[in-house]
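# quick one, structure for this:
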Amino acid sequence: MNHLRVMTFYPINFLRNLALNGTSTRFVFVNDIDFIPCRESYKRLLKYTKKLKKNQLLVIPAFEELSNGTRLADQFPENKNALMKLWNEEAVVPFHFTDFMPGHNATNYKKWSRAKNPYQIKWTKWYEPYVVGYTAELPKYNQQYVGRYENKAEHVAEMYARGFELLVLPDVCIVHVWHPRAARDSNMYR
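Residues are numbered from 1 along each chain as shown. Predicted coordinates:
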């Protein structure tokens, strides 16, 4: 039984629903607390939300630093160009590409690196992007999930099954902030 690990359960989807229910804004950015948008993301998001349809989700490509957070502490990317420079230097990579590609692979990062306009993608199993959508249109999270993994993927699958379109934004991105717990848990159940 050495391969089994004990995990503390917490009501993550109950808390996500609490946040959604308490949101008073027209749009919501479904994101995790340990991701930071590139500095120019907000003004770019405002432009895209003006054209957003109620059945669309704006996918925000996610990246992570390969080291222990020392590089980005001094040089957090302002925009896509700065992030691409870090990617070309292999300082950052698409999120979870080293330990769980299905989680973000549908974003099509190769296409994103060249994109000038939003592009539509199809949902794939286990896809769990970070998205912006109309607050009133988003379904609630399934509260049967009480731990890590699969909860965001199930939520996105439900939205896609309800007819939501997934549009990847070409010039907005977020970066995971490295912390020891994420490094320790990254391969826990994969």
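# from here on, contacts and neighbour counts on C-alpha atoms
Fine.
# which strand residues bridge residue 120?
According to DSSP bridges, the residues that bridge with residue 120 are residue 167.
# OK, contacts around it?
Contacts for residue 120 (CA atoms under 8 Å, 6 or more residues apart in numbering) come out as 165-168.
# immediately after the helix or strand hosting residue 42, which helix or strand?
Assigned by DSSP states H and E, residue 42 belongs to helix 41-49. Downstream of helix 41-49, the next assigned helix or strand under DSSP H and E is strand 56-60.
# okay, now the sheet partners of that next one, with direction.
strand 130-134 (antiparallel), strand 165-168 (parallel).
# how about the residue lying closest to residue 94 once chain neighbours are set aside, secondary structure?
In space, and not counting its chain neighbours, residue 94 is closest to residue 63: 4.3 Å by CA to CA, 6 or more residues apart in numbering. Look at residue 63: counting by DSSP: H, G, I helix; E, B strand; the rest coil, its state is strand.
# give me the pLDDT for residue 63.
Residue 63 is assigned a predicted lDDT (pLDDT) of 95.
# OK, contacts around it?
92-95, 173-176.
# again, only using 10 Å
Shown in contact with residue 63 (CA atoms under 10 Å, 6 or more residues apart in numbering): 35-36, 83, 87, 92-97, 104, 109, 173-177.
# ok, it to residue 44 distance?
Counting by CA to CA, to the nearest Å, the gap from residue 63 to residue 44 is 18 Å.
# same question, residue 29
Distance from residue 29 to residue 44, by CA to CA: 13 Å.
# same deal with residue 64?
Taking CA to CA, one finds residue 64 at 21 Å from residue 44.
# out of these two, which sits in the busier spot?
Taking neighbours as other CA atoms under 10 Å, residue 64 and residue 44 compare with residue 64 leading, 21 against 15.
# quickly list what the more buried one is bridged to.
residue 93, residue 176.
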